[in-house]
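> Everything below, folded, please.
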Amino acid sequence: MSTKTPVFTFETALAELEQLVQRMESGELSLEESLQSFEQGVKLTRQCQQALSSAEQRVQLLLEQNGQSVAQPFQGEQ
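Model (predicted):
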């Protein structure tokens, strides 16, 4: 029997991770529950990192012109 970790969207994984942190910080979990939460948090963190890496690669592909990377200034909120 395999225990596959469900794959969440970035936003769902991040929200789940935030909930895990809140439960762990509450101090109401047993040691075993804390360890299980920590393990789930590591898995969710890896999923979030993978999603961000994938998004970064997609952005790089969109910014390439004729096989050359073109630097684009960031137009952040001011």
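> Pull up the gap between R58 and A51, please.
According to CB to CB, to the nearest Å, R58 stands 11 Å off from A51. All C-beta spots, glycine's among them, are computed from the backbone N, C-alpha and C.
> try E18
15 Å.
> So which of these two has more stuff around it?
Legend: neighbour count by other CB atoms under 10 Å for E18 and A51, higher for A51 (17 against 12).
> so where is the chain shaky, pLDDT-wise?
The chain contains residues with pLDDT under 70 at 1-7, 65-66, 69-78.
> Go through it and flag its longest helix.
Using DSSP state H, we find that the single longest helix of the chain is helix 31-63.
> And what about F8, helix, strand or coil?
coil (DSSP: H, G, I helix; E, B strand; the rest coil).
> got it, and L29?
Classification of L29 using three-state DSSP returns coil.
> Got phi/psi on it?
phi -90, psi 150 (degrees, to the nearest 10).
> Next, the contact list for it, please.
When contacts are counted by CB atoms under 8 Å, 6 or more residues apart in numbering, L29 touches 23, 37.
> try E16
8, 40, 44 are the contacts of E16 under CB under 8 Å, 6+ apart.
> Name the member of these that has the highest neighbour count.
Neighbour counts for those peak at L44, which has 21 neighbours (criterion: other CB under 10 Å).
> my guess is that one meets L20, correct?
Yes. At 7.2 Å, L44 counts as touching L20 under the criterion of CB atoms under 8 Å.
> Now for G27, how many residues are close by?
Neighbourhood size, G27 [other CB under 10 Å]: 7.
> if we can go back for a sec, compute the distance from the centre of the longest helix of the chain to the centre of its chain.
Chain-centre distance of helix 31-63: 3 Å, with CA atoms, centre = their mean, to the nearest Å.
> Could you name the helices and strands sitting against it?
Packing partners of helix 31-63 (3 or more CB pairs under 8 Å, 6 or more residues apart in numbering; DSSP states H and E): helix 10-26.
> List the buried residues in the helix it packs on.
Of all the residues in helix 10-26, those buried under the rule 16 or more other CB atoms under 10 Å are 13-14, 16-17, 20.
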